[in-house]
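Engineer: Starting from these lines, generate the structure:
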Amino acid sequence: MRQGWFLWRILGLAAMSLAVCGCPGTSPPAANPESVPGPAVPLRLVVVDDPGLAEAVQRQWQARAEGELQVRQARTEEICDPRRKRLAADAVIYPSGLIGELAERGWLMPLSDDALRSSEFARRDIFDHLRQHEMMWGEETYAVPLGSPPLTLVYRPDLFEKLGVQPPETWQQYTALCERLVKSRDVLRESSQSADAWHAVSEPLGPGWASQILLARAAAYARHRSYFASLFDLDSMQPLIASPPFVRALEELVSAAKFGSPKAGEHSPADVWKLLRSGQCVMGLTWPSNADRRMAAQATDSTNPVLLAAAELPGSAEVYNLGDAVWQPRESSEDRHVTLLGAAGRLGSVVKGTNRSSTAMSLLVRLSSTAWSRDISPRSPATTLYRTSQLPAVKAWVGDSFSADAATAYGELVQQGYRRQLSLDSVRLPGRNRYLAALDEAVQAAVRGDRPPADCLAAAADGWRKVTQELGIDNQRRAYWRSLGKSPP
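Structural biologist: Below is the predicted model of the structure:
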């Protein structure tokens, strides 16, 4: 009996050992790293070309959330290097125009249905064109918005009032206004805080921006209601950048450039904003920003701060019909203005392949939400408000350079611009920076007077063909269809 008792005791201990350790030659089921307790693994976020935004995200996450967030900064050149095969992160925030580059490499995953339907994300609160187009690639939503500022006409309302003029409605009126401002130089300089470096107008024609200014000017000429493709032929991928609407826009740009800053070929929108804030410029093509805390403090401390206002870019009463190769008047029911999408702005996406997709998606939804956005988005010089619920807080984005009324008007202007029927995409294809660089060169050559605008754009079209051929015509055609929100045929 005693031996039998010991035998049962041994067998019982062996069974317990097997229950804890598992049978030899087997392994426990794979664990879900998002649900199994253990040492906290930092969530990895890459922020491209935006130190201010990266710092704001890190700061707000530490103050509001649990868990560790590892934020790494990167440059577009690093991310778009053709030798790069993967993106070592759980989520990425990037310039809006790069969505095609990243999506076509297979690095992004669509937002989940749960995220899109969540009350925190509040999808219907997002301005229309951003919600329905800029956040999307093909027919799926790949990104959350952090703000995409449209180019606007920012101006000195006190000087406009002094001359008895209003913001121009057409680009012809804009050029005439530039000339009048120059002729009124002596009168206007009396109200300038920096009379030695004074300009009637400033347009950002530096690298990466000359092309965008041309596209913004050409939008109302090129975007016809019957054709949704304006930059490339949908079948052949032949560039349309040398067609009449773009030639007209470049001719007008060249005419206006002689009234602007001699350093316009070096300027970005941020540079134009600084000229306006410092009183060195009467009007300029840019958008307001409150990201520079030092400049904002100086403006607040000034005894005579410069107050600014914004108007939408000029439009056109006629449009080019590409199919019939004729100019024709817009219908009376049509809006004369066309919004350029994707010139600037920031989007956030989950990186495909991460094993923490739901956590990364939760991070991005929080950053984009109304509750968090006011403390994050305004810290970037490349963003603006993007939700209806943000309208009461528009001063967070424009700062004290706008009066309360002018700030409210700006918020409504942005909302209206993203509601209108027609828009034109900036280049969103793989190779975006190469396309824009070729167009930059054409604009700058025309402004210098090297060749007629039509010849400069013909050279840019040759450059675009070369990029398309190198990246693959079929690949770029499929990408172009997806960039327009369509599935390739």
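Engineer: For stretch 375-391, what does the pLDDT average out to?
Structural biologist: The pLDDT scores in stretch 375-391 average 97.
Engineer: Poorly predicted segments of the stretch 201-350 of the chain, please.
Structural biologist: Low-confidence segments of the stretch 201-350 of the chain, defined by pLDDT under 70: 293-304.
Engineer: one more time with 80
Structural biologist: Of all residues in the stretch 201-350 of the chain, those with pLDDT under 80 make up the ranges 293-305.
Engineer: which stretches of it form helices?
Structural biologist: Along the stretch 201-350 of the chain, counting by DSSP state H, counting those that start in this stretch, helices occupy 210-222, 244-257, 269-277, 293-301.
Engineer: Of all these, which one is nearest D235?
Structural biologist: Go through the helices of the stretch 201-350 of the chain one by one with C-beta to C-beta and the one that ends up closest to D235 is helix 210-222, at 18.1 Å. C-betas here are computed from N, CA, C, even on glycine.
Engineer: gap between that closest one and the chain center?
Structural biologist: The gap between where helix 210-222 is centred and where its chain is centred comes out at 16 Å by C-alpha atoms, centre = their mean, to the nearest Å.
Engineer: Would you mind extracting the C-alpha trace of that helix into PDB?
Structural biologist: Included here for helix 210-222 are C-alpha records, laid out as PDB according to Å, rounded to 0.1, in the frame of the first residue of the first chain:
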ATOM      1  CA  ALA A 210       7.700  77.900 -57.700                       C
ATOM      2  CA  SER A 211       6.000  74.800 -59.100                       C
ATOM      3  CA  GLN A 212       3.200  74.900 -56.500                       C
ATOM      4  CA  ILE A 213       2.600  78.600 -57.100                       C
ATOM      5  CA  LEU A 214       2.200  77.900 -60.800                       C
ATOM      6  CA  LEU A 215      -0.200  75.100 -60.200                       C
ATOM      7  CA  ALA A 216      -2.200  77.300 -57.800                       C
ATOM      8  CA  ARG A 217      -2.400  80.000 -60.400                       C
ATOM      9  CA  ALA A 218      -3.300  77.600 -63.100                       C
ATOM     10  CA  ALA A 219      -6.000  75.700 -61.200                       C
ATOM     11  CA  ALA A 220      -8.900  77.900 -62.200                       C
ATOM     12  CA  TYR A 221      -7.800  77.800 -65.900                       C
ATOM     13  CA  ALA A 222      -7.000  74.000 -66.100                       C
END
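Engineer: And it, what does it pack against?
Structural biologist: helix 244-257, strand 318-321, strand 339-341, strand 423-425, helix 432-448 (3 or more C-beta pairs under 8 Å, 6 or more residues apart in numbering; DSSP states H and E).
Engineer: From the contact counts, what lies against the third one?
Structural biologist: Strand 339-341 is packed against helix 210-222, strand 423-425, with contacts defined by 3+ C-beta pairs under 8 Å, 6+ apart.
Engineer: so the first one versus helix 269-277, what angle?
Structural biologist: Here helix 210-222 points in a direction 90 degrees away from that of helix 269-277 (axes from the mean of the first three to the mean of the last three C-alpha atoms, to 10 degrees).
Engineer: okay, the angle between helix 210-222 and helix 432-448?
Structural biologist: Using the same axes, to 10 degrees: helix 210-222 against helix 432-448 is 80 degrees.
Engineer: what inclination does helix 210-222 have with respect to helix 244-257?
Structural biologist: Going by the same axes, to 10 degrees, helix 210-222 makes 120 degrees with helix 244-257.
Engineer: Got the domain ranges for the protein?
Structural biologist: When the chain is parsed into structural domains using automatic domain parsing, the resulting residue ranges are 43-149+342-398, 152-341+422-470.
Engineer: Looking at the ones you listed, which is nearest to Q476?
Structural biologist: With C-beta to C-beta as the measure, domain 152-341+422-470 is the member of the domains of the chain nearest Q476 (4.9 Å).
Engineer: and that closest one, how far from the chain's centre?
Structural biologist: On C-alpha atoms, centre = their mean, the centre of domain 152-341+422-470 falls 16 Å from that of its chain.
Engineer: Who are the contact partners of V71?
Structural biologist: Shown here is V71, whose contacts under the criterion C-beta atoms under 8 Å, 6 or more residues apart in numbering are L45, V46, V47, A54, V57, Q58.
Engineer: from these, which two are the most distant?
Structural biologist: V46 and Q58 (12.4 Å).
Engineer: between those two, who's got more neighbours?
Structural biologist: The residue with more neighbours, out of V46 and Q58 and counting by other C-beta atoms under 10 Å, is V46; that gives 21 against 15.
Engineer: does Q415 really touch Y386, like I thought?
Structural biologist: No - counting by C-beta atoms under 8 Å, no contact exists between Q415 and Y386, whose distance comes to 9.2 Å.
Engineer: what touches both of the two?
Structural biologist: Any residue near both Q415 and Y386 by C-beta under 8 Å, 6+ apart counts here, and that gives F127.
Engineer: neighbour-wise, which of those two wins?
Structural biologist: Y386 (28 against 18).
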